[in-house]
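S.K.: My questions concern the predicted model and sequence given below.
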Amino acid sequence: MSRTIPGRLQPGPADLSGTGPRRPERLAWLVLLLTLVGLAAAFSLGPSGAATTDSGDGGLPAASQSAQVADIVKTFPSGSVAPAVVVYDNSDGRPLTGAQLDQITRRAQPLGALGLAPEAAGPVVLKGKVATVAVLLPADAGGERNTAAIEKIRQTAADGITQPLRAQVTGGPAFRADVAAVFKGADTTLLIATASVVGLLLLVTYRSPVLWLVPLAVVATGDQVAAVLVGALAPHAGIEVSASSAGILSVLVFGAGTDYALLLVSRYRDELHLTGDRFTAMARAWRGTAPSVVASGTTVVLSLLTLLAAELTGNRGLGFAGAIGILVAMGFALIVLPAVLVLPGRWLFWPLIPEAGQAPAVDRRGVWARIGTAVARRPARVALAGSALLVLLSCGALDLHTGLARSDSFRKTPEAVLGQRTLATVQPAGAGEPLTLISTPAAADEVLAAARRTPGVASVTAGDRTAAHARATAVLAAGPGTDASDAAITRLRSDLAGIPGARALVGGTTAENYDVERATEHDTRLVVPLVLAIVCMVLIALLRSLVAPLLLVATVIASYFAALGASWIIFRTVYDFPALDITVPLLSFLFLVALGVDYNIFLIARAREETLAGHPTRTAILRSLSVTGGVITSAGILLAAVFAVLGVLPLITLTQIGVIVGIGVLLDTLLVRTVLVPALVLLTGKRFWWPGRPEQETARPGGLPG
């Protein structure tokens with residue numbers, strides 16, 4: 001047997017389309033050239049990493065009362081300003097002394113000079129323990145301008161005061177500044193952490209000092225292209241993409257793109273054992289891998305696009321960005337990566353260079369073959385045990401709570417939240433985030449009276465008026481985000497709606513959060529059935545079966561609930577999170593169902609290929625598990641690790657999504673795909689493919705022989 005020379009073209013079967021070796025090589029170079037041209041065009045659209053079109057949360061439903069109130073408030077003279085509230089108190093909880101009040105009063109004048117008004121409002125002393133000074137800032141100030149203003153206010157407020165007196169700055173502008181600080185440098189941190197995790201896992205998987213760099217470089221380039229495309233296209237589509245969605249975009253591109261790369265490289269290495277021509281090997285690997293990658297990617301893209309029908313603008317932005325990201329990942333994995341892999345030659349795999357003539361026979365003594373043999377002995381017991389474990393883990397979600405308050409959404413509590421908590425010690429719980437009432441001027445007095453009679457409303461204060469609208473402020477007795485607060489908002493809106501000609505609306509931050517929760521419930525009822533229908537249709541088209549898709553989707557749904565239950569136990573015992581963010585269950589479901597079914601696609605598509613090659617269903621599933629076990633497990637562990645990287649960001653919502661999806665992917669990879677699905681296939685036999693009959697169909701060329 002002749003020895004393969006790394007990097008040299010070896011004689012072998014006919015390569016691409018029966019042509020000589022020079023044509024596919026030229027095609028590969030052409031792909032790289034066109035890729036470079038495309039990169040230049042993409043980056044000309046905007047700077048690298050321009051993935052966001054909006055720095056806010058972008059989550060308020062446009063048709064909600066709170067959104068309407070936010071728009072109307074801008075028409076008031078007072079709507080052009082937003083107060084930053086400086087809260088003074090003693091850190092030991094003692095009442096303020098006269099000397100301390102003098103210090104606070106002296107601070108009021110320089111604080112006022114930082115705002116729009118000649119003087120700051122205050123100090124206002126509350127129960128002798130807390131004093132507040134309000135500094136009016138432009139309501140439309142955002143980004144660096146708002147952050148700089150808050151930094152100056154904090155420096156000035158603390159200047160010259162002595163312990164135990166302390167100053168905390170809260171209010172809307174302070175919240176915006178603290179949220180901006182949370183995401184400052186987050187893109188870079190997330191990118192470095194993600195690339196490091198992917199690089200390490202690729203190095204361990206390939207055991208080559210060179211090969212791992214190729215898929216990492218290709219996927220990283222795809223991530224930057226996706227970021228630029230989203231930033232350039234979103235404004236034209238009328239889509240707002242938040243900073244958190246941009247972080248999830250990078251995770252999706254790196255996770256899915258690297259998974260696709262693992263599948264292609266694994267198949268390419270197998271084919272290099274069968275032919276001396278690396279171009280023929282890549283053609284065969286591509287034909288064997290592309291259908292599964294396209295089916296997998298299409299499932300994820302279509303699932304993400306269902307979010308465009310959501311009420312929450314944040315969900316629509318995530319769906320838009322994620323769909324573009326997955327499309328880019330598929331394109332780079334199936335077009336760019338093959339060219340980059342095939343041109344250098346076999347030396348990329350050094351020191352484990354695959355040699356032609358050494359066919360990769362199915363290892364019946366390997367770990368995956370042994371697992372398959374064990375499952376085949378008692379498939380009914382295995383299926384029952386696997387299902388029982390998923391049900392047991394799902395029970396952890398029985399006491400699950402949703403509705404994470406904005407003040408609890410940070411891993412490290414920012415100053416704006418601390419100031420709000422200080423105010424809550426001397427005011428009703430809802431005073432930190434009061435409601436805004438809007439009505440017609442003629443009905444303003446009647447609206448005030450009705451609001452004061454509503455149970456759960458602590459106080460109501462009349463505000464300014466315009467020719468079209470009257471404004472008032474209502475403070476709730478209950479804290480924002482609680483059941484009592486939600487009930488009070490519902491009653492208040494109902495009572496005010498009954499006033500003829502008032503056209504009353506209830507808004508404000510607390511009402512906004514309430515409306516987001518209601519919209520999320522609507523989006524869940526809409527998106528979940530759409531995602532399940534899409535996954536089923538893609539599986540039916542790929543497998544030409546009705547039984548297989550239903551079983552596969554059922555296993556993925558079961559792993560989602562198991563992941564939710566296991567994660568909630570971790571959140572309560574390890575992280576001490578009080579609740580899940582209201583959007584987390586829906587987004588976690590979307591990612592887990594769309595991405596989790598990938599591994600079932602990779603396994604069952606290979607089983608169908610083996611069946612088409614003449615193997616009975618029992619043999620086909622065991623061979624598929626043995627052949628794909630290593631690469632799919634590596635892909636699953638990598639994807640779980642990439643989602644876990646979301647935990648580096650100090651936003652609890654992203655941490656929760658990362659943990660749930662990570663656990664779910666591991667369950668899909670190590671339990672569902674490895675044990676449960678093979679057991680179900682063995683139990684159903686030929687009926688698994690019904691109404692198709694792949695055992696009677698003709699095998700397609702290009703697959704790995706037995």
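M.R.: Received, thanks. Numbering: from 1, shown residues only.
S.K.: Look up phi and psi at the residue nearest to residue 401 when sequence neighbours are not counted.
M.R.: What sits nearest to residue 401 in space, not counting adjacent residues and going by CB to CB, 6 or more residues apart in numbering, is residue 579, at 4.2 Å. Every C-beta, even on glycine, is put in place using the N, C-alpha and C of the backbone. With angles defined as degrees, to the nearest 10, residue 579 sits at phi -160, psi 170.
S.K.: again with the one 3 residues further on
M.R.: Summarising the backbone geometry of residue 582 under the convention degrees, to the nearest 10, its torsions are phi -60, psi -30.
S.K.: burial count for it?
M.R.: Close neighbours of residue 582, defined as other CB atoms under 10 Å, add up to 22.
S.K.: Could you double-check that it sits in contact with residue 522?
M.R.: No. Using CB atoms under 8 Å, residue 582 is not in contact with residue 522; the gap is 11.8 Å.
S.K.: quick one: the helices in the stretch 201-350 of the chain?
M.R.: 213-237, 243-272, 278-305, 313-331, 337-342 (DSSP state H, counting those that start in this stretch).
S.K.: OK, contacts around residue 83?
M.R.: 121, 134-137, 171-173 (CB atoms under 8 Å, 6 or more residues apart in numbering).
S.K.: sorry, back to before: between the helices of the stretch 201-350 of the chain, which one is closest to residue 455.
M.R.: For residue 455, the closest of these is helix 313-331, at 32.1 Å, according to CB to CB.
S.K.: same for the closest one, what does it pack against?
M.R.: Applying 3 or more CB pairs under 8 Å, 6 or more residues apart in numbering; DSSP states H and E, one finds that helix 313-331 contacts helix 213-237, helix 243-272, helix 278-305, helix 584-612.
S.K.: send the alpha carbons of that helix over as CSV?
M.R.: In CSV, the C-alpha atoms belonging to helix 313-331 read as follows (Å, rounded to 0.1, in the frame of the first residue of the first chain):
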residue,chain,number,x,y,z
THR,A,313,-40.3,44.3,20.1
GLY,A,314,-37.4,42.7,22.0
ASN,A,315,-38.5,39.3,20.9
ARG,A,316,-38.9,40.5,17.3
GLY,A,317,-35.4,41.9,17.4
LEU,A,318,-34.0,38.6,18.7
GLY,A,319,-35.8,36.6,16.1
PHE,A,320,-34.5,38.8,13.3
ALA,A,321,-30.9,38.9,14.5
GLY,A,322,-30.8,35.2,15.3
ALA,A,323,-32.2,34.1,11.9
ILE,A,324,-29.6,36.2,10.1
GLY,A,325,-26.9,34.8,12.4
ILE,A,326,-27.9,31.1,11.7
LEU,A,327,-28.1,31.8,8.0
VAL,A,328,-24.6,33.2,8.0
ALA,A,329,-23.3,30.3,10.1
MET,A,330,-24.8,27.8,7.6
GLY,A,331,-23.3,29.7,4.7
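S.K.: That helix: how far from the chain's middle?
M.R.: Averaging C-alpha positions (CA atoms, centre = their mean, to the nearest Å) puts helix 313-331 10 Å from its chain's average.
S.K.: If you count neighbours, what's buried in that helix?
M.R.: In terms of neighbour count (16 or more other CB atoms under 10 Å), helix 313-331 has its buried residues at 313-331.
S.K.: wait, what's in contact with the nearest residue to residue 271 once chain neighbours are set aside?
M.R.: Closest residue to residue 271 apart from its sequence neighbours, by CB to CB, 6+ apart: residue 281 at 3.8 Å. With contact taken as CB under 8 Å, 6+ apart, residue 281 is in contact with 268, 271-272, 274-275.
S.K.: which of these has the most neighbours?
M.R.: Comparing those by number of neighbours (other CB under 10 Å), residue 272 comes first, having 27 neighbours.
S.K.: quick one: that one from residue 214, how far?
M.R.: Relative to residue 214, residue 272 is positioned 15 Å away (CB to CB, to the nearest Å).
S.K.: Redo the contacts of residue 281 as TSV? Include distance to residue 517 and pLDDT.
M.R.: Output for the contacts of residue 281, formatted as TSV (distance: CB to CB, whole Å; pLDDT from 0 to 100):
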residue	distance to residue 517	pLDDT
268	48	88
271	52	86
272	54	86
274	57	83
275	58	81
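S.K.: next SSE after the strand or helix carrying residue 519?
M.R.: Take DSSP states H and E as the rule and residue 519 turns out to sit in helix 509-543. Next in sequence after helix 509-543, counting helices and strands by DSSP H and E, comes helix 547-570.
S.K.: Mind listing what's buried along that following helix?
M.R.: Buried residues in helix 547-570, counting neighbours by 16+ other CB under 10 Å, are found at 547-549, 551-553, 555-568.
S.K.: hmm, back to that, with distance to residue 166 as added columns, please give the helices and strands packed on helix 313-331 in CSV.
M.R.: Shown next, in CSV, are those (distance: least, CB to CB, whole Å):
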stretch, distance to residue 166
helix 213-237, 41
helix 243-272, 30
helix 278-305, 46
helix 584-612, 34
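S.K.: which residues does the residue nearest the centre of the chain contact?
M.R.: Residue closest to the mean C-alpha point of the chain, counted by CA atoms, centre = their mean, is residue 248 at 4.0 Å. Residues near residue 248 by CB under 8 Å, 6+ apart: 318, 321-322, 646, 654, 657.
S.K.: Go through the residues you listed and name the one nearest residue 403.
M.R.: Nearest member of the contacts of residue 248 to residue 403, counting by CB to CB, is residue 657, at 16.0 Å.
S.K.: What pLDDT is listed against that closest one?
M.R.: pLDDT for residue 657: 90.
S.K.: Assign a three-state SS to it, would you?
M.R.: helix (DSSP: H, G, I helix; E, B strand; the rest coil).
S.K.: And for residue 137?
M.R.: On the three-state scheme (three-state DSSP), residue 137 is labelled strand.
S.K.: Surely it touches residue 82?
M.R.: Yes. Proximity of residue 137 to residue 82 meets the contact threshold set by CB under 8 Å, at 5.6 Å.
S.K.: Between those two, which contacts overlap?
M.R.: Shared contacts of residue 137 and residue 82 (CB under 8 Å, 6+ apart): residue 173.
S.K.: Looking at these two, which one has more neighbours?
M.R.: Shown here are residue 137 and residue 82; by other CB under 10 Å, residue 137 has more neighbours (24 against 21).
S.K.: Apart from its neighbours in sequence, what residue is nearest that one?
M.R.: For residue 137, the closest residue by CB to CB, 6+ apart turns out to be residue 173, at 5.0 Å.
S.K.: Check which helix or strand the one you found maps to.
M.R.: Using DSSP H and E, residue 173 maps to helix 172-183.
S.K.: Touching that helix from outside, list them.
M.R.: With CB under 8 Å, 6+ apart, helix 172-183 has contacts from 55-56, 82-85, 137, 139, 141-143, 146-147, 149-151, 243-244, 406, 410, 414-417, 419, 509, 649-651.
S.K.: average pLDDT for it?
M.R.: The pLDDT scores in helix 172-183 average 82.
S.K.: okay, the angle between it and helix 243-272?
M.R.: Put simply, helix 172-183 runs at 20 degrees to helix 243-272, going by axes from the mean of the first three to the mean of the last three CA atoms, to 10 degrees.
S.K.: could you check the angle helix 509-543 makes with helix 172-183?
M.R.: Angle of helix 172-183 versus helix 509-543, following the same axes, to 10 degrees, is 40 degrees.
S.K.: CA atoms only for helix 172-183, dumped as PDB, please.
M.R.: Provided in PDB are the C-alpha atoms of helix 172-183 (Å, rounded to 0.1, in the frame of the first residue of the first chain):
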ATOM      1  CA  GLY A 172     -34.900  56.900  35.300                       C
ATOM      2  CA  PRO A 173     -31.700  58.500  34.000                       C
ATOM      3  CA  ALA A 174     -29.600  56.700  36.700                       C
ATOM      4  CA  PHE A 175     -31.200  53.400  35.700                       C
ATOM      5  CA  ARG A 176     -30.400  53.900  32.100                       C
ATOM      6  CA  ALA A 177     -26.800  54.800  33.000                       C
ATOM      7  CA  ASP A 178     -26.400  51.700  35.200                       C
ATOM      8  CA  VAL A 179     -27.800  49.400  32.500                       C
ATOM      9  CA  ALA A 180     -25.400  51.000  30.000                       C
ATOM     10  CA  ALA A 181     -22.600  50.300  32.400                       C
ATOM     11  CA  VAL A 182     -23.600  46.700  32.600                       C
ATOM     12  CA  PHE A 183     -23.200  46.300  28.900                       C
END
